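A.B. asks: give me a 3D structure for the following:
(chains A and B)
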Amino acid sequence: MLALRDIRKSFGAVVAVDGLSFEVGAGEVFGLLGPNGAGKSTAIAIATGLLTPDSGSVDLLGLGSPSSPAVRMHLGLAPQEITLYDDLTARENLTFFARLYGVRDIAARVDELLTLVELSERAKDRVSTFSGGMKRRLNLAAALVHDPQLLLLDEPTAGVDPQSRNRILELVRGLAASGKSIVYTTHYMEEAAKICDRVGIVDRGRMLEVGSVAELLARHGKDTDLETVFLTLTGRSLRE
Amino acid sequence: MNAIFAIAQKDLRLLFRDRGNMFFTFGFPVLLAIFFGFVFGGEGATSKMDLALVNESSSELAAGIAKDLRADSSFEVIVMPTRESAIDLVRAGKVTAAVVLPVTLEDGIEGLFNGSGIPIEAIVDPARRAEAGLIQGKLNELAFRQLPKLFGNISQSAKLFDGARKSLSEAKNLDPTQRLAANALIFASEQFMKSLPQEADTSEPDASAKAWSPVNVSINELPARKGAPRSSFDVSIPQGIVWGLAGCISAFAAGVVSERARGTLDRLRLAPITRTDLLAGKGLACFIAALLVQGLLVALAVVAFGSNVAQPFMVAVACIASAFAFSGLAMLVAGIARTEAEANGAGRGAILILAMIGGGTIPLFFMPPFMRSLSNASPFRWTVTAIEGPFWRDTPLSEQWFPLMVLFVIGIVGFFIGSRAVGRPFSR
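C.D. replies: Numbering: from 1, shown residues only, chains lettered A, B, ... in the order given. Prediction:
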């Protein structure tokens, strides 16, 4: 579904991604884990075509690079930031993005998504009046508006209450069960352990380890947990 | 195309929901155009002279003069209870003059035949001496307008003719022939008045009153002199347009930078649309807003201030060219500014300076030569020139193409450089 091969990307003297490779299969939730500045968001931006790698290749659905609008049509992104318009209502936001993607029955699709993220009753309210959790859910709905086959979720549960987090995790599992491929970045190890089929631990732009959670735990000792594995691989020193 | 319209509609909706941007794009330019219109002498054809009126007389004649004075389009009349209060207003500079209709006003009717006339008093500040002549002439006209009513009223005219006979009998320098002729004139006039049908209500100076006027003064305004503003609003409206366009640039440039900073621009770039679509959508919104503000100001000039647009079609072309240029400039500012702070601070500051030297505060033709040369560097100057030409200067078409070309070039360059803003990558 998505394949990144030997990706390198530098910003001046700073190497953000250094030979990163991974693949995500159909219906799979792939967790991309790493400390701040590890290169996760840069990898996501390259995977979506928003950034061009210095070297390496990205392939989506066997169609080639997502720099082409036709290929991008198959992917949805819920960025780390809330990328919604505060002065538009929930319905207006989704309708706008649906029009950009040429969705056919926009009203029905918007209703469906509002129901999915449990915001139907607030459909006519401006986003500026929403709580953090509601914004996160709507941010996810905006990524789904054109029913993409690949979904890239960049820390979709950052700063939300347990109820919204639980709802988002349920949604992600449900989407994977329906056959969508998902790349999921997070700092919450228990989240990754709960919903990811496989995880890749990244630091300083490099992939340190890839595998299912069970495989990673088996490699580092049965009595350990994912967070301990993560800290073992990435170190305990504080990051900027 | 649907994506372009979707982006434009979204951006316009966001503009209309932002009260600050709405004020600076639409409200402020209108207020500024009106303000400068009055500052530069907007008391032209449409404004009125303030007068304080004191009516001490209870006569019909005084009531008629007071009524006509209030109805006169040249004056804004404030009725005051006493002479002193009216004089206070004159001293305070709140009115040009105080007009007093004295208690003795009706007695003055008898003076119509002995040359003393109807007494009306006007108290004018010495600093407003220039207006005194106008007031005096106007009061004469209004008093004279009451005469048909006086003569048309049996009891009033009887009183007048009695007064005339009394004056005649008291006159000592008349020989018998003159005395006889004068008596005959008074008698004939009296009989003529009696023969006229009596009006139930003589308060209105209607068609019958016109028959009594010895002269018929019609006031015609001269047609606007070619190449000169008809009123100060002809000059201030292009100034308002400058500030409207400045508001548009600021709002849309800050909007693009804000989208880039918040990440919504990345979401737009991720959509299956080309960079051209994205740029066209954003440009279209700015273009429509710029056209709206220009249309609003031109309509205001025509409807509210009586501006007479010399070449309407070319004004429309100039507005379109300006809207295109400033849509491109909005993208240019968005491209140069890297952060929201830069767009809102340095960006708006630069726009303000360009608007000022481009004719936003001082009209170009008031500027000293070096300032006028400097103004060539401001895109606003070319908008003012492009709009003033067909708006009131009535310049020939051969002189209008150059500013229009400059505006189109500005727009193209702005869009070209601004496309970098839309294409700028993630700020990670």
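A.B. asks: okay, CA-based contacts and neighbour counts for the rest of this
C.D. replies: Fine.
A.B. asks: contacts only, for the residue nearest the centre of chain A.
C.D. replies: For chain A, the residue whose C-alpha lies nearest the mean C-alpha position (Cα atoms, centre = their mean) is residue A:153; its distance is 1.5 Å. Residues counted as contacts of residue A:153 (Cα atoms under 8 Å, 6 or more residues apart in numbering or on different chains) are A:77, A:78, A:79, A:80, A:140, A:182, A:183, A:184, A:185.
A.B. asks: one more time with 10 Å, if that's ok
C.D. replies: For residue A:153, the residues meeting the contact criterion (Cα atoms under 10 Å, 6 or more residues apart in numbering or on different chains) are A:31-32, A:41, A:44, A:76-80, A:139-140, A:143, A:172, A:182-186.
A.B. asks: what about residue 5, neighbour count?
C.D. replies: Answering for chain A, as no chain was given. 16 (other Cα atoms under 10 Å in any protein chain shown).
A.B. asks: actually, chain B is the one I wanted.
C.D. replies: Other residues close to residue B:5 by other Cα under 10 Å number 19.
A.B. asks: so which of the contacts of residue A:153 belong to helices?
C.D. replies: Per DSSP state H, helices hold the following members of the contacts of residue A:153: A:41, A:44, A:139, A:140, A:143, A:172.
A.B. asks: near chain B, list only the ones from these.
C.D. replies: With Cα under 10 Å from any Cα of the partner chain as the criterion, the members of the ones in helices among the contacts of residue A:153 in contact with chain B are A:41, A:143.
A.B. asks: in the ones in helices among the contacts of residue A:153, find the pair that's most separated.
C.D. replies: Pairwise distances across the ones in helices among the contacts of residue A:153 peak at 18.9 Å for A:41 and A:172 (criterion: Cα to Cα).
A.B. asks: which one in chain B is furthest away from the centre?
C.D. replies: Centroid-distance maximum for chain B: residue B:176 at 61.9 Å, with Cα atoms, centre = their mean.
A.B. asks: which residues does that one contact?
C.D. replies: Residues near residue B:176 by Cα under 10 Å, 6+ apart: residue B:182.
A.B. asks: give me phi/psi at residue B:25?
C.D. replies: Its backbone dihedrals place residue B:25 at phi -90, psi -40, with angles given as degrees, to the nearest 10.
A.B. asks: where's the nearest residue to residue B:237 once chain neighbours are set aside relative to chain A, distance?
C.D. replies: The shortest distance from residue B:237 to any residue that is not its chain neighbour, by Cα to Cα, 6 or more residues apart in numbering or on different chains, is 5.1 Å, and that residue is residue B:33. As for residue B:33, its distance to chain A is 30 Å (criterion: Cα to the nearest Cα, to the nearest Å).
A.B. asks: so residue B:33, which of the three states?
C.D. replies: Here residue B:33 is helix, with the state taken from DSSP: H, G, I helix; E, B strand; the rest coil.
A.B. asks: ok, it - contacts?
C.D. replies: Residues near residue B:33 by Cα under 10 Å, 6+ apart: B:39, B:232-244, B:297, B:300-301, B:360-361.
A.B. asks: just the buried ones from those, in ChimeraX syntax?
C.D. replies: The ChimeraX command for the buried members of these (criterion: 16 or more other Cα atoms under 10 Å in any protein chain shown) is given here:
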select /B:232,233,234,235,236,237,238,239,240,241,242,243,244,297,300,301,360,361
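A.B. asks: just the ones of the contacts of residue B:33 in helices?
C.D. replies: Of the positions in these, B:39, B:232-244, B:297, B:300-301 sit in helices, assigned by DSSP H.
A.B. asks: helix/strand/coil for the residue of chain A most remote from its centre?
C.D. replies: In chain A, the residue that sits farthest from the middle, by Cα atoms, centre = their mean, is residue A:223; the gap is 29.2 Å. Per three-state DSSP, the local secondary structure of residue A:223 is coil.
A.B. asks: residue A:216 is in contact with that one, correct?
C.D. replies: No - using Cα atoms under 10 Å, residue A:223 makes no contact with residue A:216, being 11.7 Å away.
A.B. asks: how near is residue B:142 to residue B:103?
C.D. replies: Plainly put, residue B:142 is 18 Å away from residue B:103 if you go by Cα to Cα, to the nearest Å.
A.B. asks: if we can go back for a sec, for the residue nearest to the centre of chain A, give its distance to residue B:386.
C.D. replies: From residue A:153 over to residue B:386 the distance is 51 Å, taken as Cα to Cα.
A.B. asks: and residue B:64, by the same measure?
C.D. replies: For residue B:64, the distance to residue B:386 - Cα to Cα - is 51 Å.
A.B. asks: which of those two has more residues huddled nearby?
C.D. replies: Using other Cα under 10 Å, the more surrounded residue of residue B:64 and residue B:386 is residue B:386, with 29 against 20.
A.B. asks: tell me which element the more buried one is part of?
C.D. replies: Mapping residue B:386 onto the secondary structure by DSSP states H and E places it in helix B:379-388.
A.B. asks: tell me if I am right that residue A:87 is in a strand.
C.D. replies: No - with three-state DSSP as the criterion, residue A:87 is located in coil rather than a strand.
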